[in-house]
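Engineer: how would this look folded up:
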Amino acid sequence: MAWKAMDVQDQRVRFVVAASRRAKPLGALCSEFGISRPTGALWIRRYAEAGLEGICERSRRPRNSPAQTPWEQEERVIALRLEYPDWGARKLEVLLDREGVRLTRSTIHRILLRYDLIGDRDRHPQAVKRFERERPNELWQMDFKGPKNWPHAIGPLSVIDDHSRYLVALAATGKLDGDLVRQQLEQAFEGCGVPEAMLMDHGTPWWNWQSFSGRTHLSLWMMRQGIRLCWSGIRHPQTQGKVERFHGSLQRALDRRGGVGSQPQRWLDAFRSEYNQVRPHEALGMRTPASIWQPSPRSYNPNPPSWEYPQDAWVLKVDCQGTIDLNGRRYRIGKTLAGERVMIQPVEERFLVFFCSTLVREIDPSIHRSTIVERWIETPS
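Structural biologist: Numbering: from 1, shown residues only. Take a look at the predicted model:
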């Protein structure tokens, strides 16, 4: 075996053993082991003075490091990292600054590396472009997280504000149940007000693939509150980028902070408070979501009156079969809307059908087709 593939200490032992035999000149022996003559002489001297202990690998760390961060500050960095094991140097820098500890992000990162508190999985490329709504409560994103490391078959329900990243709701419903989701949304509406729009995927319980309209009682209830419902692209989770990124943060916390215990909702409540009030957010200039978010001025009404369309609007009533009569021809709208009033908006040769403020169908008389509107028209992130 060539010496370069050997343990360093074993290499040194073999060198001093060979040197003690004096079978070869020192220069030739050093050349054979791939070291300089001064290095060889140093190993021989150290071995003579202290034996094997003298030729052990020694630390290359300087004896004095006047520029090194004081231990008290390093200790605080370590303590915060252990308290928030899923947070990186950027967020820890903000927390330290709040305590009056002024350390640069790179210094904190080096401390984490020095104490093996950060690895390759913690190094993520920074997003080059982000999209967000202009003000709080203009759009909320809602989704269920996957069940990885979660005590239930269904992960928590998350509702997050697109503009501020404020976590409006985080609940352990335990199942995909429309009534349970409605309870959580009612609490959110009572405490935070009603958003202008909500973005969801094509999943249970706010979407029903077995229904002609795709809508469910839950989604119709939200529409009656004047919420414009938007749907992400099918198999395109990037459309719900804010809630998906939050789920990534939540998963890292679950992976690194241990189990949630016997009361998962209590764990979620504490995490939601930390996420909104304590955790600095890079997309917000390291501010917290709570410092940017504000309640919606639209108050929640558990018994909203019938939706008022514009005075000159073309309004039709959906019959018990889920159809409407449009210029002498019948078009299916969906039985979930039976008995409801919808607004018809002509657009060139086609007609758009709105229920409250949500676009639900597009009708093309030329081919006698009523097409469900199931896609988000714009491109949020």
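
Engineer: okay, CA-based contacts and neighbour counts for the rest of this
Structural biologist: Will do.

Engineer: can you name the helix or strand that the closest residue to V159 other than its chain neighbours falls in?
Structural biologist: Nearest residue to V159 in three dimensions, chain neighbours excluded: M142, at 4.4 Å (Cα to Cα, 6 or more residues apart in numbering). If you go by DSSP states H and E, M142 is part of strand 140-144.

Engineer: now the helix or strand following that strand: average pLDDT?
Structural biologist: Secondary structure here is assigned by DSSP H and E; on that basis, the next helix or strand after strand 140-144 toward the C-terminus is strand 157-161. Average pLDDT, strand 157-161: 96.

Engineer: what are the pairing partners of strand 157-161, and which direction each?
Structural biologist: Strands flanking strand 157-161 in the sheet, each with its direction: strand 140-144 (antiparallel), strand 167-171 (antiparallel) (DSSP bridges).

Engineer: mean neighbour count, distance to L229 and mean pLDDT added to these, as JSON lines?
Structural biologist: JSON lines is the format used below for the strands paired with strand 157-161 (neighbours: other Cα atoms under 10 Å; distance: least, Cα to Cα, whole Å; pLDDT from 0 to 100):
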{"stretch": "strand 140-144", "mean neighbour count": "25", "distance to L229": "10", "mean pLDDT": "95"}
{"stretch": "strand 167-171", "mean neighbour count": "22", "distance to L229": "17", "mean pLDDT": "97"}
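
Engineer: and those as JSON lines, adding distance to Y309?
Structural biologist: Putting the strands paired with strand 157-161 into JSON lines (distance: least, Cα to Cα, whole Å) gives the following:
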{"stretch": "strand 140-144", "distance to Y309": "24"}
{"stretch": "strand 167-171", "distance to Y309": "29"}
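
Engineer: out of those strands, which is closest to L112?
Structural biologist: For L112, the closest of the strands paired with strand 157-161 is strand 167-171, at 28.4 Å, according to Cα to Cα.

Engineer: any idea how far the closest one is from the chain center?
Structural biologist: Strand 167-171 has its average C-alpha position 13 Å from the chain's average C-alpha position, going by Cα atoms, centre = their mean, to the nearest Å.

Engineer: kindly report the same for stretch 349-361.
Structural biologist: Using Cα atoms, centre = their mean, we find the averaged C-alpha position of stretch 349-361 to lie 33 Å away from the chain's own average C-alpha position.

Engineer: swap in stretch 299-314?
Structural biologist: Centre-to-centre, stretch 299-314 and its host chain are 35 Å apart (Cα atoms, centre = their mean).

Engineer: mean confidence score for that stretch?
Structural biologist: If you average the pLDDT over stretch 299-314, you get 92.

Engineer: got the contact list for the strand holding M142?
Structural biologist: Contacts of strand 140-144 with the rest of the structure, by Cα atoms under 8 Å, 6 or more residues apart in numbering, involve 154-162, 195, 197-201, 240, 242-243.

Engineer: helix or strand for V16, which one?
Structural biologist: Element membership for V16 (DSSP H and E) is helix 8-21.

Engineer: any idea of the mean pLDDT for that helix?
Structural biologist: The average pLDDT within helix 8-21 is 74.

Engineer: what are the buried residues along it?
Structural biologist: The neighbour-count criterion (16 or more other Cα atoms under 10 Å) identifies Q11, R12, V13, F15, V16, A19 as the buried residues of helix 8-21.

Engineer: quick check, nearest of these to G226?
Structural biologist: For those, the residue nearest G226 by Cα to Cα is Q11; the value is 77.7 Å.

Engineer: number of nearby residues for L220?
Structural biologist: Using other Cα atoms under 10 Å, the number of residues around L220 comes to 19.

Engineer: which phi and psi values does it adopt?
Structural biologist: As for L220, its main-chain torsions (degrees, to the nearest 10) stand at phi -70, psi -40.

Engineer: now it: how far from R14?
Structural biologist: From L220 over to R14 the distance is 81 Å, taken as Cα to Cα, to the nearest Å.

Engineer: so how far is K148 from the residue nearest to V159?
Structural biologist: As judged by Cα to Cα, M142 and K148 stand 18 Å apart.
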